[in-house]
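Novice: Here's a sequence, model it:
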Amino acid sequence: MSNLDLQEATRRDDTYVTLNKLIDGLQELNVFPSLVWLWTWDVTKAKLESYGPESGDDYLINPRFTEKDVFDMFWEDADKNAFTLEYGTESLDEAIFDWMLDRNIIISVDDGEWEDDD
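Specialist: Have a look, this model is predicted:
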């Protein structure tokens, strides 16, 4: 065994317990492959949080959609999208961004699509 100090040994042991709990939770999901679902939904949620009105980016999250609306679209398009970890995280990130653009979840600030039609 290594000579870890108490803090690092505790961190290691806590990580071991947490990872095993996460694996158990993933095995209970009714989707396959569950790790891909977890990863891709995590990336999608991160994008929902990062493209807010204060982001200063050229894109915004369409205010017409709730997180649950986005998940419903995510679910409906799962077979068509066939997201995979096979080509790396950068490719996956681009694929999710493109999907969100195609579904108008992320919209261009310049297009004015984010403005209400009222």
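Novice: downstream neighbour of the host helix or strand of residue 15 in the secondary structure list?
Specialist: In this assignment (DSSP states H and E), residue 15 forms part of helix 6-28. The element immediately downstream of helix 6-28 (helix or strand, assigned by DSSP H and E) is helix 34-50.
Novice: Could you list the low-confidence segments of the protein?
Specialist: For the chain, the stretches flagged by pLDDT under 70 are 1, 111-118.
Novice: mind giving me the domain ranges of it?
Specialist: Residue ranges for the domains of the chain, per automatic domain parsing: 1-30, 32-118.
Novice: Counting by contacts, list what the helix holding residue 15 packs against.
Specialist: Judged by 3 or more CB pairs under 8 Å, 6 or more residues apart in numbering; DSSP states H and E, the packing partners of helix 6-28 are helix 34-50. Backbone N, C-alpha and C define where each C-beta goes, glycine included.
Novice: Backbone dihedrals for residue 4, both of them.
Specialist: The phi/psi pair for residue 4 (degrees, to the nearest 10) reads phi -80, psi 150.
Novice: Excluding sequence neighbours, find me the nearest residue to it.
Specialist: Leaving aside its sequence neighbours, residue 4 sits nearest to residue 12 (CB to CB, 6 or more residues apart in numbering; 6.6 Å).
Novice: try residue 50
Specialist: Leaving aside its chain neighbours, residue 50 sits nearest to residue 57 (7.8 Å; criterion: CB to CB, 6+ apart).
Novice: I'd guessed the one you found sits against residue 51; true?
Specialist: Yes - counting by CB atoms under 8 Å, residue 51 is a contact partner of residue 57 at 5.9 Å.
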